[in-house]
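[1] build me a structure from this.
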Amino acid sequence: MSQKKYLVTLTPDERGHLADLLRKGKASALVLTRARILLAADQADGGPAPEDAVAAEELGVGVRTIGRVRQRFVERGFEDCLRRKAQDKPSRERKLDGTAEAKLIALACSDPPDDRDVWTMQLLADKLVELKVVDAVSDETVRRTLQKTRSSRGSRSSGASRPGRAGRSLRRWRT
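    Residues are numbered from 1 along each chain as shown. Down below sits the predicted model:
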């Protein structure tokens, strides 16, 4: 029998909370699986919990998964063990912040260069680099940024309000 480094000892309140989660079944599959693991790894009832390999076989998860959940419980606590860890910072910084987006939209609404009829995404990207708004930007980033805006240069409306659907009529009630 191997010595476990991280031991799970649940309080009666924590056990009740996990049982409620499992009974209701409204949480994500990840949370429900971790709740089952914690209940299986609990040593508070009267002795050592079953071996990780036995619990892994019963729950249909890997042995390492059980070890990681036990480690999270000891290091982070009960609630943080159940949920995913929040991301500290975005994995990639945004190329176009609010100021750069405003400049891009103003540029897209302006007249295109003399030799062109319309702005292309690549032209807008090149112009942003030329104006030193950003060091480098792809045409796909420009497209996604412009797609987020609600107004469209090709629409009949100025964007202040959406046009109504054709064919709608008011129902008149007779009294």
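
[2] going by C-alpha atoms from here, please, whenever you check contacts or count neighbours.
    Noted.

[3] setting aside sequence neighbours, what's the nearest residue to residue 133?
    In space, and not counting its chain neighbours, residue 133 is closest to residue 100: 6.3 Å by C-alpha to C-alpha, 6 or more residues apart in numbering.

[4] pretty sure the one you found is in a helix, no?
    Yes. The assignment for residue 100 is a helix, going by DSSP: H, G, I helix; E, B strand; the rest coil.

[5] thought residue 82 was touching residue 27?
    No. In this structure, residue 82 is not within contact of residue 27 by C-alpha atoms under 8 Å, at 10.3 Å.

[6] neighbour-wise, which of the two wins?
    Legend: neighbour count by other C-alpha atoms under 10 Å for residue 82 and residue 27, higher for residue 82 (20 against 11).

[7] please, which helix or strand holds the residue lying closest to that one once chain neighbours are set aside?
    Spatial nearest neighbour of residue 82, chain neighbours left out: residue 31 (5.4 Å); criterion: C-alpha to C-alpha, 6+ apart. Using DSSP states H and E, residue 31 sits in helix 29-41.

[8] residue 143 too?
    Using DSSP H and E, residue 143 sits in helix 139-147.
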